[in-house]
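Peer 1: Please work out how this folds:
(chains A and B)
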Amino acid sequence: MRSKTSTAPLNRLTSPLVRENGELRPASWEEALERAAAGFRAGIDQHGPDSFGMLSCARATNEMNFMVQKFARAVMGTNNVDSCNRTCHAPSVAGLAAAFGSGGGTSSYAEIEDTDLIVVWGGNPRSAHPIFFQHVLKGVRRGAKLFVIDPRRTSTAEWADRWLGLNVGTDIPLAHAVGREILYSGLANETFIERATSGLEEYRALVEPWTLSAAEAETGVPAEAIRELAHAYALADRAQLCWTLGITEHHNATDNVRALINLSLLTGHVGRHGAGLNPLRGQNNVQGGGDMGAIPDRLAGFQDILDADLRAPFEAAWGSAIQGRKGKNLTQMFEAMGEGDMKTLYVIGENPVQSEPETEKTTGRLRTLNHLVVQDIFLTRTAELADVVLPASASWCESDGTFTNSERRVQLVRKALDPPQGARDDIDILCDMAERLGTDWGRPSAEEIWDELRSLSPIHRGMSYDHLAQRQGIQWPCYSEEAVEPSFLHGRLWSQDPQERGEPAAFGIVGHSPPVDLLDEEYPFRLTTGRRLDDYNTGVQTSGFSSPMRRGELLDLSPEDADKLGIQDGETVRVCSRRGSVLAPASIDSSMRAGLVFMTFHFPDQVDTQLLTIDATDPIAGTAEYKAAAVRIERVAQTAGAAEGALASPG
Amino acid sequence: MTAAPVYLAPPKRLIDATIDGQEVRVPEGTSILDACEAQGTSTPTLCYGDTLTPRNACRVCVVEVEGARTLAPACSRELEPGMSVKTDSERVQHSRKLVLELLGSSVDLSTTPRIPEWNERYEAAPERFGPRAEPAPLGERDGRHAGQHETGDGSVAETVEQPVKRDNELYVRDYSKCIMCYKCVDACGDQWQNTFAIGVAGRGFDTRISTEHDAPLPDSACVYCGNCVEVCPTGALSFTTEFDMREAGTWDEESQTQTTTVCTYCGVGCNVTLHVQDNDIVKVTSPHENPITHGNLCIKGRFGFQHVQNRGDG
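Peer 2: Purely as a prediction, here's the structure:
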């Protein structure tokens, strides 16, 4: 079943599909929309609005995401709306919002070129964010020091002054030890701490046990290197702390983010030009999806769903009441399916079967639904399970709108192509669906939708399409068309006026919690996951072009371990976790440390890495611990060409 | 302590100079080329790149600076207070003509924009050096060592022509069209991409752009960002789609639209300009003045567009 190679030709969906006698068959738009709407209507009638859930697309436009959450809230009457930012950067948003009140990176790319120290923590931007890394290299060539903290000696680490190869999941001990060293060396920025932060004494007590040697024992990073990082960070005039999924794809991801933010509070490396915190986003509009309110707990512009005063303008604009409680996030929706509380699901542009951990469990849960509608450009594995499949347009080149990037820059997306015959724009489909469910939105243009958003979200108010075009994108907040704000956030923390300074930023009091999937004699290897330069997520899009660098799924392991296990480069090995096993070709890679192995998610049809990963999730943000599974590696009987087309099998 | 002040570049002083007898006033540090543009004087350029440090390789933009012994490249020479610049003197005309003729006789400039216009303006006649020599067989030029070059007998015009290099599906290297401007090397090197997959090999007329030991691209350090293709001024480097369509005679730039949108492969937000012909993406570039990309992309942004238009067998 999973023997299809990832290079098989992919075709766009060009006709709606409906399920009949267990099989999907082509249908007219009229029939498909009618069926989709009827299923949703029946679900609400029988089980109430909260039995409906909606997954929005982190790759689609802000306008589409705005309409999705409006559909969930105003048409269906529920806050059960979320997107795959849950699987990557929700903890960054949660952590930053907890400390500073808004969940965006605090700095901008241009400032990276203009700083004295760049710390890249749990990320490999050289491969995963190559153009961001060009800005880093500009900074490095202007004299900035680069520290890279990652279990693997990545292509990013190759550019570093110092690489700190820590054990997977020990980021908090490392951060705490850095904090303790800064405090003990008298390098903390006491004025900033006193004026702009709260909770230092608790923080001091929290980090007290993490001496350099205690941290060395836990993280595997030499004490001297930790000390050096602490001093370099504290003594730099301006420092940037950047992170990616190495921080956020853990069961305690929000805590990880808080632990890093603490260091910026200790040293005052936030709220100034050239000094800040940068979570790098994995998808084009993960930032925007959240900003638009396609999340269960916030309305557009980070407005709290629990605050009736903030809900009121939305209710007035939409003419319908919005529930005053948080909806279910993606993780909770899947749990609710398991418990029979979620009956209908509308998935737009997401492929949870292949992007969520524990494939079998996810598939099983989706099968419990009474009604599943999937809107996508491809017949994904998730779409294969649907009752109705609706062919959409590719938003980035077939529709108008905006995306918001990792530096909070809202940029215009413009229609360059007509979608293939039969496929339709996401927003048009949503409007049709809403109409069938009793709400007539007409057919608003992207700009009209954006203007509605601007009227409801103060941080976007100044961003008319004209203004965006004029300035090649604008970073939020932008309150008026006449002015733009500084490129960094939270300058208020430096004000002498307590009024202007506002709410102090709180130190996060977060303890160490090692990866849930423990290493033992049976599963002695730590499997971590990530992205390669030329591929993307589950490969649905990148398999469309032929990369000369692509080698398919591989298990990267250290020369030491290969030696110990007697594994040759290219040999097919069995990788087993407590949940499943797969076959994959081994690749001996000197960037790996002993005890550590690495795989991607790019070739699920060749090797389904999600059979191995664990669905332990962060309790605050709901992100899964993709970065740390315990595995065993077994040699399998060699047959000629076994490395080719390795098959995965459920364990 | 208050918020640390944001240091912007110090304000620039304005300077006065003359170009072709006309007074100009520009901020100090402005190149002669930019001053000419601002004043409305068109200057031919080949090796100049708006995102790169000038290499002064091609000399087609030279101007005469009063009091200077040699002609100065307009792209890299700053305009100075009181300077008097001539862009249309006989020396300048003659020099530009010679550059165009020498390049035109030895390199295939058929896909270099504006060449016919400049040849006409400077009365350049590359064909006066005689018929073109036969192209070198593949690998022959790349194998030449310094000092090995044999000067011809003058009956034919020597050229850099050799067969096209196609060793991957994404882009084509047609070094018959290479004028040795170094822009690809700089884009691949420390100015942008920092991959260093290509460099300059050989000496004199045998100088050429090469991977390490002339390895095919898949065996080189190349990461297929295509940032070399972005800056190539002559079409020596081109998308396979463009190259094949040109070969087939179906490349029709006039009918193409260019639409700038945003790449979807990560959260950085790179601007991509989609070149579309008959509702198919045929090439991807990035705006050079964009604050995120400065014209650069990665393999996915540059070449990862096929999924929206792949036509499989079903």
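Peer 1: Return the residues in contact with the closest residue to B:Thr207 other than its chain neighbours.
Peer 2: Spatially, and ignoring its direct neighbours in sequence, B:Thr207 is nearest to B:Met180 (5.7 Å; CB to CB, 6 or more residues apart in numbering or on different chains). From N, CA and C alone the C-beta is placed, and that goes for glycine too. B:Met180 is in contact with B:57, B:200, B:207-209, counting by CB atoms under 8 Å, 6 or more residues apart in numbering or on different chains.
Peer 1: again with A:Thr267
Peer 2: A:182, A:187-189, A:192, A:233-234, A:239.
Peer 1: Turn those residues into TSV, including pLDDT and distance to chain B.
Peer 2: Shown next, in TSV, are these (pLDDT from 0 to 100; distance: CB to the nearest CB, whole Å):
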residue	pLDDT	distance to chain B
A:Ile182	98	18
A:Leu187	98	16
A:Ala188	98	14
A:Asn189	97	9
A:Phe192	97	8
A:Tyr233	98	17
A:Ala234	98	16
A:Ala239	98	13
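Peer 1: Please work out how many residues are found near the residue in the stretch 251-400 of chain A that chain B sits nearest to.
Peer 2: Here the stretch 251-400 of chain A gets closest to chain B at one residue, A:Arg281, 2.5 Å apart by CB to the nearest CB. The local packing of A:Arg281 (other CB atoms under 10 Å in any protein chain shown) involves 31 other residues.
Peer 1: Hmm, B:Cys266 and it touching each other?
Peer 2: Yes - with contact taken as CB atoms under 8 Å, A:Arg281 and B:Cys266 are classed as touching, separated by 7.0 Å.
Peer 1: quick revisit: inside helices: which ones of the contacts of A:Thr267?
Peer 2: When the contacts of A:Thr267 are checked against helices (DSSP state H), the matches are A:182, A:192, A:233-234.
Peer 1: So A:Leu17 sits against A:Leu24, correct?
Peer 2: Yes - the criterion here is CB under 8 Å, and A:Leu17 meets it with A:Leu24 at 4.2 Å.
Peer 1: distance of whichever residue of the stretch 101-250 of chain A sits closest to chain B from B:Asn194?
Peer 2: Here the stretch 101-250 of chain A gets closest to chain B at one residue, A:Pro130, 3.8 Å apart by CB to the nearest CB. Between A:Pro130 and B:Asn194 the distance is 10 Å, computed by CB to CB, to the nearest Å.
Peer 1: Helices along chain B, start to end?
Peer 2: Assigned helices in chain B, in chain order: B:32-39, B:90-106, B:115-121, B:140-143, B:183-188, B:227-231, B:240-248, B:299-303 (criterion: DSSP H).
Peer 1: least reliable of those going by mean pLDDT?
Peer 2: Sorting these by mean pLDDT places helix B:140-143 lowest, at a mean of 90.
Peer 1: Please export the C-alpha coordinates of it as PDB.
Peer 2: Extracted as PDB, the C-alpha positions of helix B:140-143 are listed here (Å, rounded to 0.1, in the frame of the first residue of the first chain):
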ATOM      1  CA  GLU B 140      38.200  20.900 -24.700                       C
ATOM      2  CA  ARG B 141      38.200  24.400 -23.400                       C
ATOM      3  CA  ASP B 142      37.800  23.200 -19.900                       C
ATOM      4  CA  GLY B 143      40.900  21.000 -20.300                       C
END
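Peer 1: Just list what it packs against, helices and strands only.
Peer 2: Of the remaining helices and strands, those touching helix B:140-143 by 3 or more CB pairs under 8 Å, 6 or more residues apart in numbering or on different chains; DSSP states H and E are strand B:208-211.
Peer 1: Which other helices and strands does the strand it packs on contact?
Peer 2: Judged by 3+ CB pairs under 8 Å, 6+ apart, the packing partners of strand B:208-211 are helix B:140-143, strand B:198-201.
Peer 1: As a markdown table, those with mean neighbour count and distance to A:Ala74 would be great.
Peer 2: Output for the helices and strands packed on strand B:208-211, formatted as a markdown table (neighbours: other CB atoms under 10 Å in any protein chain shown; distance: least, CB to CB, whole Å):
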| stretch | mean neighbour count | distance to A:Ala74 |
| --- | --- | --- |
| helix B:140-143 | 16 | 66 |
| strand B:198-201 | 17 | 56 |
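Peer 1: can I get these in TSV with distance to B:Asp16?
Peer 2: As requested, the helices and strands packed on strand B:208-211 are exported to TSV (distance: least, CB to CB, whole Å):
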stretch	distance to B:Asp16
helix B:140-143	49
strand B:198-201	40
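Peer 1: Checking my notes, A:Tyr346 in a helix, right?
Peer 2: No - under DSSP: H, G, I helix; E, B strand; the rest coil, A:Tyr346 falls outside any helix and is assigned strand.
Peer 1: tell me the pLDDT at it?
Peer 2: For A:Tyr346, the model assigns a pLDDT of 97.
Peer 1: How many neighbouring residues does it have?
Peer 2: Applying other CB under 10 Å, I find that A:Tyr346 has 27 neighbouring residues.
Peer 1: contacting residues for it?
Peer 2: Going by CB under 8 Å, 6+ apart, A:Tyr346 touches A:36, A:40, A:52-55, A:71, A:373, A:375.
Peer 1: so where's chain A shaky on pLDDT?
Peer 2: A:1-10, A:84-89, A:357, A:540, A:618, A:621-624, A:637-651 (pLDDT under 70).
Peer 1: In the record's domain split, what are the boundaries for it?
Peer 2: Structural domains annotated on chain A: A:17-84+A:288-475, A:90-279, A:525-647, as defined by automatic domain parsing.
Peer 1: how far does the last one sit from the chain's center?
Peer 2: It stands for domain A:525-647. Its chain's C-alpha centre lies 20 Å from the corresponding centre of domain A:525-647 when counted by CA atoms, centre = their mean, to the nearest Å.
Peer 1: of A:Leu17 and A:Leu24, who's got more company?
Peer 2: Set side by side, A:Leu17 and A:Leu24 show unequal neighbour counts under other CB under 10 Å, the larger going to A:Leu17 at 22 against 18.
Peer 1: Just read off the phi/psi values of the more buried one.
Peer 2: Recorded main-chain torsions at A:Leu17 are phi -130, psi 140, according to degrees, to the nearest 10.
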